[in-house]
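Asks: Provide a 3D model corresponding to the input given below.
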Amino acid sequence: MKKNPLLRRLGASVSFLLLASALPASASAAGAKHKPADPRPRQRAKNAQHGARVDSHRDAHCDAHAASHDDSRHKADRAAHVAHAASAKGHASRFRQLGLASWYGRGFHGHRTANGEHYDMYAMTAAHRTLPLGSYVRVTSLANAKSVVVRINDRGPYARGRVIDLSYLAATALGMHRAGVAKVAIERVDKPEVERIAHRQMHLSTRG
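Replies: Residues are numbered from 1 along each chain as shown. Predicted coordinates for the structure are as follows:
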């Protein structure tokens, strides 16, 4: 039986159209299969993880610093309590100490001291780690033999190797305010001697 030429041409056209429509889909599927993955989401996740580690490290460092500061203050307060209890058993004038003195001034002027006062750089006061607040000491410069009597109203110094922080006025009286530090001898002064010194200074000021 002989096929109609029109039917043969129609069949060929349909086959061509089906083949043409199938090729783009196959090519698209192949392209999708072989297309490399976008690295950006992975990199962002990596960066976020790194940032979390940095933030965690910074927070841990801040917490450690704060804990260290609190621990130092706690140790200083505990040492002061022990020293106060020990000094109460004996005579006040038995306390002796040698070391470096420093001073603090305008940057702390008006700030609260350990006993609740406002720091006055022009008053005869000092900061000590262990001596009872409100006690008095005589500080003598080993370089020029000048001495002052100061009242302990604050805690410190916190710099390694220093034993007492003087007010600006006390440091000036000892001639060490320009150098910043000086080797000194510290001795505890009892209340009667403090009163005698105050009376003598008042007498000299009225005569002047």
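Asks: hey, let's count contacts and neighbours off CA atoms from now on
Replies: Will do.
Asks: so where do the helices sit in the chain?
Replies: Using DSSP state H, the helices of the chain run over 5-34, 40-89, 168-173, 191-207.
Asks: For burial, what's the neighbour tally of residue 170?
Replies: For residue 170, the count of nearby residues is 24 (other C-alpha atoms under 10 Å).
Asks: and it, what does it touch?
Replies: 123, 124, 125, 148, 150 (C-alpha atoms under 8 Å, 6 or more residues apart in numbering).
Asks: Worst mean pLDDT among the helices of the chain?
Replies: Here the lowest mean pLDDT among the helices of the chain goes to helix 40-89, at a mean of 45.
Asks: tell me which residues in stretch 171-189 are buried?
Replies: 171, 174-177, 181-189 (16 or more other C-alpha atoms under 10 Å).
Asks: Tell me which residues are up against that stretch.
Replies: Contacts of stretch 171-189 (C-alpha under 8 Å, 6+ apart): 92-103, 135-143, 146-148, 168.
Asks: Quick check on those: which are buried?
Replies: Looks like those have 92, 98, 100-103, 135-141, 147-148, 168 buried, using 16+ other C-alpha under 10 Å.
Asks: Next step: these restricted to strands.
Replies: Among the buried ones among the contacts of stretch 171-189, DSSP state E puts 98, 100-103, 136-141, 147-148 in strands.
Asks: okay if I get these as TSV plus distance to residue 129 and pLDDT?
Replies: Output for those, formatted as TSV (distance: C-alpha to C-alpha, whole Å; pLDDT from 0 to 100):
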residue	distance to residue 129	pLDDT
98	14	98
100	13	98
101	12	98
102	13	97
103	14	97
136	14	96
137	13	97
138	16	97
139	15	98
140	18	98
141	19	98
147	20	96
148	19	96
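Asks: For residue 115, state which of these is nearest.
Replies: For those, the minimum distance to residue 115 (C-alpha to C-alpha) is 14.1 Å, reached by residue 136.
Asks: distance of that closest one from residue 107?
Replies: Distance of residue 136 to residue 107, computed by C-alpha to C-alpha, to the nearest Å: 24 Å.
Asks: quick one on the thing from earlier: name the nearest of the buried ones among the contacts of stretch 171-189 relative to residue 194.
Replies: Relative to residue 194, and with distances defined as C-alpha to C-alpha, the nearest of the buried ones among the contacts of stretch 171-189 is residue 136, at 7.4 Å.
Asks: how about the closest residue to that closest one other than its chain neighbours, what does it touch?
Replies: The shortest distance from residue 136 to any non-neighbouring residue, by C-alpha to C-alpha, 6 or more residues apart in numbering, is to residue 151 (4.5 Å). Taking C-alpha under 8 Å, 6+ apart, we find residue 151 in contact with 124, 125, 126, 133, 134, 135, 136, 137.
Asks: what's the most distant pair in those?
Replies: 124 and 133 (13.8 Å).
Asks: What distance do you get for residue 171 to residue 94?
Replies: Taken as C-alpha to C-alpha, the span from residue 171 to residue 94 is 24 Å.
Asks: cool, residue 196 as well?
Replies: 19 Å.
Asks: closest to residue 118 among the buried ones among the contacts of stretch 171-189?
Replies: For these, the nearest to residue 118 is residue 168 (14.4 Å; C-alpha to C-alpha).
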